[in-house]
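Novice: From the sequence below, what's the structure:
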Amino acid sequence: MLEIAPAARALLAALGLDRYEALFDLEGGERHSQNRPWRLLHRVPLGDGAHGWLKRYRFPRPSIRFGLFASPLKREWRNLRWLAARSLPAADPLAFGERRSGPALRDTLLLTREVPGAHDLRTLCAGGRPADARGLIDALAGATAAMHRAGFCHRSLRWQDVLARRDEDGWRVFFLDCPLGGPRRGPWLRAGIARDLAHLDRDAPGRFTRTERLRFLRSWLGPRWGARRGWLRRVHPLAERFRRRRDRAAQRAVRTPSRG
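Specialist: A predicted model of the protein is given here:
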């Protein structure tokens, strides 16, 4: 089974990639492991110098779990389509597919269009503060606020899940990797928003000043600045927890001997 976004049908048909098998077997120039050997990420050519990112999950054995529940790639496909339908800044979803043995899931794929010239926040800030840091903060706050106003929470908004590109008129921000989130309401939306803000703040100390971090919150809140104390009480403990979790994971990685 292969679903193709209407705007991408002609492109994939011209490339001979409008069948599941052809798209799943496509090899790219760059191959990235996603921590598990059955999860691969390829940068693939889409003609005329354009590229896409192809996620492929080939399970060691057919997965009954995802016979009962939607797979992460299916949830991400649905969420990216939801964001695109509302003109919210996110990776452009081109195609999604899966192959089953009865109800069990054998393998699945997701193809998104590469954002030319964009880098994730972790890469942009690897060497310290990026150029025009205030402009980046305002662009990130504006895009995040627009997503949250629409009733969508990402729930895992780490720096590697945010792309940014500096154009002539300033920074532009795009979200990606959102299988855990989705449209929410009421307390579930507020809890998801707090997680998003805490994940964004997790890696900010040492790269952005406290004043700049408050600038992000002010831009995100806009006219609701009077509610800042309530959000700070919710977000700060979560951000600290995420920092401790990150540090423990880094310590485990150092202690674990490399293989090979």
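Novice: got the buried residues for stretch 121-133?
Specialist: Neighbour counts over stretch 121-133 (16 or more other Cβ atoms under 10 Å) mark 121, 124, 125, 130, 133 as buried. Heads up, the C-betas are built off the backbone N, CA and C, glycines and all.
Novice: again, but for stretch 215-234
Specialist: 215, 216, 217, 219, 220, 231, 234.
Novice: average pLDDT for the helix or strand that contains the second one?
Specialist: Secondary-structure element containing residue 216, defined by DSSP states H and E: helix 210-221. The average pLDDT within helix 210-221 is 93.
Novice: Which strands or helices does that helix pack on?
Specialist: helix 133-149, helix 186-202, helix 228-255 (3 or more Cβ pairs under 8 Å, 6 or more residues apart in numbering; DSSP states H and E).
Novice: the inter-axis angle of that helix versus helix 228-255?
Specialist: 120 degrees (axes from the mean of the first three to the mean of the last three Cα atoms, to 10 degrees).
Novice: tilt between helix 210-221 and helix 133-149?
Specialist: 30 degrees.
Novice: what does helix 210-221 contact?
Specialist: 133-134, 137-138, 140-142, 144-145, 148, 197, 200-201, 204-205, 208, 225, 227-228, 231-232 (Cβ atoms under 8 Å, 6 or more residues apart in numbering).
Novice: returning to that earlier point: okay if I get the buried residues of stretch 121-133 as a markdown table plus distance to residue 109?
Specialist: As requested, the buried residues of stretch 121-133 are exported to a markdown table (distance: Cβ to Cβ, whole Å):
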| residue | distance to residue 109 |
| --- | --- |
| 121 | 26 |
| 124 | 28 |
| 125 | 31 |
| 130 | 33 |
| 133 | 37 |
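Novice: So which of these are in strands?
Specialist: Among the buried residues of stretch 121-133, none falls in strands (DSSP state E).
Novice: Which strands or helices does the strand ranked longest in the chain pack on?
Specialist: In the chain, assigned by DSSP E, the strand with the most residues is strand 51-63. Packing partners of strand 51-63 (3+ Cβ pairs under 8 Å, 6+ apart): strand 39-45, helix 72-85, strand 92-101, strand 104-113.
Novice: average model confidence for it?
Specialist: 88.
Novice: Report the buried residues of that strand.
Specialist: 51, 52, 53, 54, 55, 56, 57, 59, 62, 63.
Novice: The first one against residue 45, yeah?
Specialist: Yes. Using Cβ atoms under 8 Å, residue 51 is in contact with residue 45, at 5.9 Å.
Novice: just to revisit the earlier point, ok, which pair from the buried residues of strand 51-63 is furthest apart?
Specialist: Farthest apart among the buried residues of strand 51-63 by Cβ to Cβ are 51 and 62. That separation is 31.0 Å.
Novice: related to what we said a few turns ago, I'd like the buried residues of stretch 121-133 written out as CSV, with pLDDT added.
Specialist: Below are the buried residues of stretch 121-133 laid out as CSV (pLDDT from 0 to 100):
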residue, pLDDT
121, 95
124, 92
125, 91
130, 84
133, 92
